[in-house]
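> need a structure here:
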Amino acid sequence: MDYQINRFVIDVPNGDEKSSVDQLDMDFFLQCDYRKVILGTVRFPDGKPAPCSVVKLFKLKRATADPETTPDLEPIGHAIADENGQFLLGPVYPGDKLVLKVLYLDCFIKKSSTETVKTTREPEDYNFQE
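A predicted model of the protein is given here:
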């Protein structure tokens, strides 16, 4: 079962108010949560990680829309893959229809010892699932 922490409002006394304690002791209870997160790894076709990839997460605005062709996408969030190609996105809700788009960034390709070039290219039909 997954849990999340709820929002708690804490009133901290002003510094000029007299208080018998210098710390606030509190307990926080987690509530059941059915949301999920997406932890993934972006890889090149040869299996090597693709660092600095931009991963964008969209939700279909209409559940009946074709995820392959519809332009009706609501952006939910994005992440940049770390040096191992890993990223974390979410939370997402059960029943959501999602579309994930990946853009690979050549972070730092050295053309010479003094020049660094940044380029972008979108992969063709690579399958980035593990």
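> From now on I want contacts and neighbour counts done on CA atoms only, so please keep to that.
Fine.
> Output the below-cut-off pLDDT ranges for this structure.
The chain contains residues with pLDDT under 70 at 1-5, 15-21, 105, 107-130.
> now with 90?
By pLDDT under 90, the weakly predicted segments of the chain are 1-37, 62-65, 90-91, 93-96, 104-130.
> center of it, which residue is that?
Leu89 (2.4 Å; C-alpha atoms, centre = their mean).
> ok, that residue touching Arg35?
No - contact criterion C-alpha atoms under 8 Å: Leu89 and Arg35 do not qualify, at 11.6 Å.
> Wait, His78 touches Gly90, no?
No - with contact defined as C-alpha under 8 Å, His78 does not count as touching Gly90 (9.0 Å).
> Mind checking which of these two has more residues around it?
With neighbours defined as other C-alpha atoms under 10 Å, His78 and Gly90 compare such that His78 has more, 18 against 15.
> List the contacts of that one.
Residues in contact with His78 (C-alpha atoms under 8 Å, 6 or more residues apart in numbering) are Val54, Val55, Lys56, Leu57, Leu89.
> are any of those residues buried, and which?
Buried positions within the contacts of His78, assessed by neighbour count (16 or more other C-alpha atoms under 10 Å), are Val54, Val55, Lys56, Leu57, Leu89.
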